[in-house]
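> Provided below are the primary sequence and the corresponding predicted coordinates.
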Amino acid sequence: MEGTGVRTAIGILPSCRRESVIFLANLECVFFGDTDRTRDIVANITGFRGYGSRLLPVLSLLYRGDANLLLVGEEPDQSLCSYFSQTLHLALPEVALLEIPAGCAVGSLAFPGGIGQLASHPATLLDGYVTDPNLEGLAARLGRRAVNTYPVCRHANDKVRLFRFLGAAGLPVFDGREATDGEGVRSALAELDALGYRRAVVRAALGASGFGMQVLECRGGQLVSPLLLDGETLLVQGWMEEGGRGVLRVESPSVQFYSGPGGEAVLYDLTEQLLSAASVHEGNLAPPLGLAADGAVRRTILDQAATVVAWVHSLGYRGPGSIDFLVVEQGGGVRVHVCEVNARVTGATYPSLLALNCNPGGAWLMRNFVFAPCLTAAAFLDLLDGKGLLFRPGRGHGILPINVIGGEKGMLRKCQLLFLAPAGEDCRRMMEEFPALLPAACRFDRD
């Protein structure tokens, strides 16, 4: 079950760095300076500027020094900060603002407090969602060590490199091949059509939260998005879906890992991804209730995860990440495929670390909700508390708000909620009953 230097400790909070960090919660950098894709993700994620505040309750779990600094695009809500520190007894980082100029000029970050505020901070490390040339340059200006280098971080997140590694390592790969232009994509689609696939997915080497991928009909004659055709190598792979090619069931588990600064990495959580109809991440459930809960399938997932994490560690990447899988029941058997590696803080990192820290041994479910402005964050917390649903230490069940994002007049419009309970079905039930508590309609949202 274990690869070289990779430990499996599912359900146990990983031991992370005992150093302090200045962390840029700058989601604009996840495409390493690709301005068009950055504009796309900014335009399509509700409350984008407030996303970085999700790190507020978990940064001290990732960096266990006593002087962390979190740089965010919007001030975090103070009522939620009080809940984290006074009720959950979490150590919170110092917070400062960063500014992203209009048009997502990701190479020209500004700091309202001035660069001197960062230079005088005692943290020894600099980190972010990913390490790009901009972050490396800032580390040099500040005289700090960047946790990762730009080449290492880019390579660890590269889906084409992963595809090649999986084939070389003898692990299962999806039907399909690489392509470098529209003609290559059309040729690959024809090959997949001959194999009986109805649809295929075109993946860029780098992507996040459904951005950097496109699902096409194999016979549809659709054009590849210009956001993908920028000269880089693409993957064109058969789309596994129920009802096609004898597929009875498809599930998307995810393994959370931490690649340590020394010679060891650890697999610390196994979750079931909750996806939209377009297969975009909307949440996670742990432990899984479906195919991934089967003992043999679980062992295969963790075996493959250990092999992949050993590779990521060998590249030099250090920090948290997720490995996403596809488990396919087909032809009387079950097959496990690695889909992608996200070598960064992901949408599953926050809830997993919080759940293992605040409610060890229990189950958890995370969903993103968007609703019509109807409550302030403080009123929302009071509402949950009045219903006996706000999670408190020792209670064993409840709702833990990871992040809240306000709109006009301070009214809440989006939140990321963590449902904690002894069992997964209890978490699902709590999540299903949650909308009835609100005075306005709500819906699930992408991560």
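Sure, I can see it.

> sec struct for Met430, please.
For Met430, the assignment made with DSSP: H, G, I helix; E, B strand; the rest coil gives helix.

> which residues does it contact?
Met430 is in contact with Leu365, Leu389, His397, Ile399, Phe419, Ala421, counting by Cβ atoms under 8 Å, 6 or more residues apart in numbering. For every residue, glycine as well, the C-beta is placed using N, CA and C.

> among the residues you listed, which lie within helices?
Judged by DSSP state H, helices contain none of the contacts of Met430.

> biggest helix in the chain by residues?
From DSSP H, the single longest helix across the chain is helix 295-315.

> helix or strand next in line after that helix, which one?
strand 319-330 (DSSP states H and E).

> distance from the chain centre to that next one, please.
Between the centre of strand 319-330 and the centre of its host chain there is 12 Å, according to Cα atoms, centre = their mean, to the nearest Å.

> tilt between it and helix 295-315?
For strand 319-330 against helix 295-315, the angle by axes from the mean of the first three to the mean of the last three Cα atoms, to 10 degrees is 140 degrees.

> partners of strand 319-330, with directions?
Sheet pairing for strand 319-330, assigned by DSSP bridges, gives strand 247-251 (antiparallel), strand 253-259 (antiparallel), strand 333-342 (antiparallel).

> tell me the mean pLDDT over stretch 266-275?
With pLDDT averaged residue by residue, stretch 266-275 scores 95.

> and if you look at stretch 160-177?
Here the average pLDDT along stretch 160-177 is 96.

> pull out the buried residues from the longest helix of the chain.
By neighbour count with 16 or more other Cβ atoms under 10 Å, helix 295-315 contains the buried residues 297-298, 300-313, 315.

> run through the neighbouring helices and strands of it.
If you count contacts as 3 or more Cβ pairs under 8 Å, 6 or more residues apart in numbering; DSSP states H and E, helix 295-315 packs onto strand 6-8, helix 150-156, helix 159-169, strand 253-259, strand 265-275, strand 319-330, strand 333-342.

> out of these, which gets nearest to Phe84?
Across the helices and strands packed on helix 295-315, Phe84 has its closest neighbour in strand 319-330 (19.1 Å, Cβ to Cβ).

> how confident was the prediction at the most centrally placed residue in the chain?
In the chain, the centroid-proximal residue (Cα atoms, centre = their mean) is Thr346; its distance is 2.1 Å. At Thr346, the pLDDT value in this model is 93.

> cool, Ile100 as well?
Value for Ile100, per-residue pLDDT: 59.

> list the buried residues of stretch 392-409.
So stretch 392-409, judged by 16+ other Cβ under 10 Å, has buried residues His397, Gly398, Ile399, Leu400, Pro401, Ile402, Asn403, Val404, Ile405, Gly406.

> hmm, I typed the wrong one, I wanted stretch 374-386.
Leu375, Thr376, Ala377, Ala378, Phe380, Leu381, Leu384, Asp385.

> before we move on, what about stretch 124-140?
Of the residues in stretch 124-140, 124-132, 134-136, 138-139 count as buried by neighbour count, 16+ other Cβ under 10 Å.

> helices - which of these land there?
Asn134, Leu135, Glu136, Leu138, Ala139.

> thought the first one was touching Ala140?
Yep, that's Asn134 we're talking about. No. In this structure, Asn134 is not within contact of Ala140 by Cβ atoms under 8 Å, at 11.0 Å.

> circling back to that earlier point, and the furthest pair within the buried residues of stretch 374-386?
Largest separation among these by Cβ to Cβ: Thr376 and Asp385, giving 13.9 Å.

> quick revisit: which of the strands paired with strand 319-330 sits most buried?
Of all these, strand 253-259 carries the top mean neighbour count, a mean of 27, counting by mean count of other Cβ atoms under 10 Å.

> dump the buried residues of stretch 124-140 into CSV; add distance to His89 and pLDDT as well.
Listed next are the buried residues of stretch 124-140 as CSV, based on distance: Cβ to Cβ, whole Å; pLDDT from 0 to 100:
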residue, distance to His89, pLDDT
Thr124, 25, 95
Leu125, 24, 97
Leu126, 27, 95
Asp127, 24, 96
Gly128, 27, 93
Tyr129, 27, 90
Val130, 31, 91
Thr131, 31, 91
Asp132, 35, 88
Asn134, 35, 84
Leu135, 31, 88
Glu136, 35, 90
Leu138, 32, 88
Ala139, 32, 92
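
> find the helix or strand that Ala188 is a member of.
Going by DSSP H and E, Ala188 is in helix 182-194.

> buried residues, that helix. List them.
So helix 182-194, judged by 16+ other Cβ under 10 Å, has buried residues Gly184, Val185, Arg186, Ala188, Leu189, Glu191, Leu192, Asp193.

> who does it touch, helix- and strand-wise?
With contacts taken as 3+ Cβ pairs under 8 Å, 6+ apart, helix 182-194 sits against strand 176-179, strand 199-208, strand 234-238.

> for the record, mean pLDDT for it?
95.

> and stretch 416-436, by the same measure?
Mean predicted confidence for stretch 416-436 is 96.

> and the residue lying farthest from the centre of the chain, how close does it get to Gly331?
Distance to the chain centre peaks in the chain at Ala194, reaching 34.5 Å (criterion: Cα atoms, centre = their mean). According to Cβ to Cβ, to the nearest Å, Ala194 and Gly331 sit 19 Å apart.

> likewise Cys29?
From Cys29 over to Gly331 (counting by Cβ to Cβ), the distance is 43 Å.

> comparing these two, which residue is more hemmed in?
Cys29 (26 against 11; other Cβ atoms under 10 Å).

> strands along the stretch 1-150 of the chain, start to end?
Here the stretch 1-150 of the chain has its strands, by DSSP state E, counting those that start in this stretch, at 6-8, 21-24, 69-72, 94-97, 125-128, 145-146.

> using a markdown table, lay out the buried residues of stretch 124-140 together with distance to Leu118.
Listed next are these as a markdown table, based on distance: Cβ to Cβ, whole Å:
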| residue | distance to Leu118 |
| --- | --- |
| Thr124 | 13 |
| Leu125 | 12 |
| Leu126 | 9 |
| Asp127 | 13 |
| Gly128 | 13 |
| Tyr129 | 17 |
| Val130 | 19 |
| Thr131 | 16 |
| Asp132 | 17 |
| Asn134 | 14 |
| Leu135 | 12 |
| Glu136 | 15 |
| Leu138 | 8 |
| Ala139 | 10 |
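
> out of those, who's nearest Arg49?
Nearest to Arg49 among the buried residues of stretch 124-140, with distances taken as Cβ to Cβ, is Tyr129, at 14.2 Å.

> so who does the closest one touch?
With Cβ under 8 Å, 6+ apart, Tyr129 has these contacts: Leu24, Ala25, Asn26, Leu27, Cys29, Val30, Arg344, Val345.

> which one among these gets closest to Ser279?
Checking the contacts of Tyr129 one by one against Ser279 (Cβ to Cβ), the nearest turns out to be Val30, at 18.4 Å.
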